[in-house]
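Trainee: Next input, structure requested:
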Amino acid sequence: MDVMDSSTQIERGIHSLSRVATIEERGKFRGGEIVFYHLLENVPEDADRTALEGMGLDVSYYRQNGRSYVILQEQRYATPRRLSRTHVILFLATVLTTLAAGALLEGHDVFQQPATILLGWPFSLTLMGILGIHEFGHYTYARRHQIEVSPPYFIPLPPPLTFIGTLGAFIKMKGPIPNRLALLEIGAAGPIAGFIVAVPALFIGLHLSSVVELDNAGFFLGESLLMKWATTVMFPGLGPEQDVLLHPVGFAGWIGLLITMLNLLPIAQLDGGHISYALFGQRQEWVGRIVFLALIPMGLFLSPNWLFWGLLILLLMRTVRHPPVQDITRPLTPHEVRIGILCLAIFILCFIPVPFRMVG
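Mentor: Below you'll find the model as predicted:
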């Protein structure tokens, strides 16, 4: 969710609206404002529309369950969807940090021998591919629904701040999502696309991996249902005292599946929040609350990683609720239900109760 200060133009619009309505709540929405209100007594039913006419704003009105709300944004003119200098710099920086992470994973000291950073290319190429395809899925469906959207912004984070070299990537959409179908398809396209790439990467990585004797100490990756099945298929004779030393390509595939699972949490404006709101409407808020609260016992009894991710979501999203979208109360189509079932299946296959653990 973009967090920006309201422009003077938007503030003027809200001031005009307040002359005919009582403002109940305000919030940020994709560079603009979403305003919940109810009209004052003895004013015409279209008084809110009249008050905002000629304000030079993009305005979207909705009425739902007896409550009114409006999305106010500055009018935008279509701009070429081209890469900016910021996109290029962030992309190159993320390539560099994921190369460093990949080289470190293979045991090279990139700080003492900088040239060895190039040896991290299998991990970097695989992870950047998964992240890029994930965002391209969002981008493609945003354009299909005629929403202005930016190319992906990659987020570099060098080792040792994180051992994978990145915090992922995101795109910025300008303007409200027009309807329920658009929200569902845009939200689901990223996880589905990333999943489709991460699964073969995992199998290729397992093929390149080796079997080692199980040690009682070290750093261990958690297993999802998909990971258990893939390991059984690729190493059918794996003994109880043996383990798989995952190749960097396989590790990037595993990270891709973990990112897919986390993105599918039905909270706020995560991909899962988009999907959940498209499927359940305002009930998404309760789903989001339950899932967010569940992260606390999961963090205390399963893995502290859940507490970290919960805190990160809280800092970035500030709420579990998804912003409203037009026509959210209409019945779901079979196509929309199938998308929801598919995303739920992907989440279950990718879910890892204990993502990481240190032993010894």
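
Trainee: what residues are up against residue 219?
Mentor: Residues counted as contacts of residue 219 (C-beta atoms under 8 Å, 6 or more residues apart in numbering) are 356-358. (C-beta placed from N, C-alpha, C; glycine too.)

Trainee: same thing but 7 Å
Mentor: Taking C-beta atoms under 7 Å, 6 or more residues apart in numbering, we find residue 219 in contact with residue 358.

Trainee: Surely it forms part of a strand?
Mentor: Yes. Remark: residue 219 belongs to a strand, assigned using DSSP: H, G, I helix; E, B strand; the rest coil.

Trainee: where does it land on pLDDT?
Mentor: If you check residue 219, the pLDDT there is 76.

Trainee: The helix or strand bottoming out on mean pLDDT in the chain - which strands sit beside it in the sheet, and in what orientation?
Mentor: Ranked by mean pLDDT, DSSP states H and E, the weakest helix or strand in the chain is strand 57-64, scoring a mean of 76. Using DSSP bridges, strand 57-64 pairs in its sheet with strand 67-74 (antiparallel).

Trainee: Which strand or helix spans residue 328?
Mentor: With secondary structure defined by DSSP states H and E, residue 328 is part of neither a helix nor a strand.

Trainee: Now do the closest residue to it other than its chain neighbours against residue 320, distance only.
Mentor: Leaving aside its sequence neighbours, residue 328 sits nearest to residue 281 (C-beta to C-beta, 6 or more residues apart in numbering; 4.6 Å). From residue 281 across to residue 320, the span is 15 Å (C-beta to C-beta, to the nearest Å).

Trainee: do the same with residue 344
Mentor: From residue 344 to residue 320 the distance is 18 Å (C-beta to C-beta).

Trainee: Distance from the lengthiest helix in the chain to the middle of the chain?
Mentor: Counting by DSSP state H, the longest helix found in the chain is helix 180-208. Distance of helix 180-208 from its chain centroid, counting by C-alpha atoms, centre = their mean, to the nearest Å, is 12 Å.

Trainee: how about it: buried residues?
Mentor: 180-195, 197-199, 201-206 (16 or more other C-beta atoms under 10 Å).

Trainee: can you check stretch 345-354 too?
Mentor: So stretch 345-354, judged by 16+ other C-beta under 10 Å, has buried residues 346-347, 349-352.

Trainee: quick revisit: out of residue 344 and residue 320, which sits in the more crowded spot?
Mentor: residue 320 (23 against 15; other C-beta atoms under 10 Å).

Trainee: Verify the contact between that one and residue 289 for me.
Mentor: Yes. Counting by C-beta atoms under 7 Å, residue 289 is a contact partner of residue 320 at 5.3 Å.

Trainee: List of residues touching the helix or strand where residue 51 lies?
Mentor: In this assignment (DSSP H and E), residue 51 forms part of helix 47-52. Helix 47-52 is contacted from outside by 13, 16-17, 19-21, 39, 59, 61, 68, 70, using C-beta under 7 Å, 6+ apart.

Trainee: okay, who's weakest in those residues by pLDDT?
Mentor: Lowest confidence among these: residue 61, with 78.

Trainee: any idea how far that one is from residue 275?
Mentor: 25 Å.

Trainee: Have a look at these two and say which one is more surrounded.
Mentor: For the pair residue 61 and residue 275, the greater number of neighbours falls to residue 275 (29 against 13), based on other C-beta under 10 Å.

Trainee: quick one: contacts for that one?
Mentor: Residue 275 neighbours (C-beta under 7 Å, 6+ apart): 184, 187-188, 266, 340, 343.

Trainee: ok, now residue 22?
Mentor: Applying C-beta under 7 Å, 6+ apart, the residues contacting residue 22 are 37-38, 40.

Trainee: Among those, which one lies nearest to residue 163?
Mentor: Nearest to residue 163 among the contacts of residue 22 is residue 37, at 47.5 Å by C-beta to C-beta.

Trainee: Pretty sure that closest one sits in a strand.
Mentor: Yes. Checked against three-state DSSP, residue 37 lies within a strand.

Trainee: Would you mind giving me the confidence score for it?
Mentor: pLDDT, residue 37: 85.

Trainee: before we move on, what about the one 4 residues further on?
Mentor: At residue 41, the pLDDT value in this model is 85.

Trainee: same check, this time on residue 176
Mentor: Predicted confidence (pLDDT) for residue 176: 75.

Trainee: surely it meets residue 59?
Mentor: No. Counting by C-beta under 7 Å, residue 176 stays clear of residue 59, with 9.8 Å between them.

Trainee: quick revisit: would you list the buried residues of stretch 345-354 in JSON lines and tack on secondary structure and pLDDT?
Mentor: JSON lines is the format used below for the buried residues of stretch 345-354 (DSSP: H, G, I helix; E, B strand; the rest coil; pLDDT from 0 to 100):
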{"residue": "346", "secondary structure": "helix", "pLDDT": "98"}
{"residue": "347", "secondary structure": "helix", "pLDDT": "98"}
{"residue": "349", "secondary structure": "helix", "pLDDT": "98"}
{"residue": "350", "secondary structure": "helix", "pLDDT": "97"}
{"residue": "351", "secondary structure": "coil", "pLDDT": "97"}
{"residue": "352", "secondary structure": "coil", "pLDDT": "96"}
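
Trainee: Okay then, goodbye and thanks.
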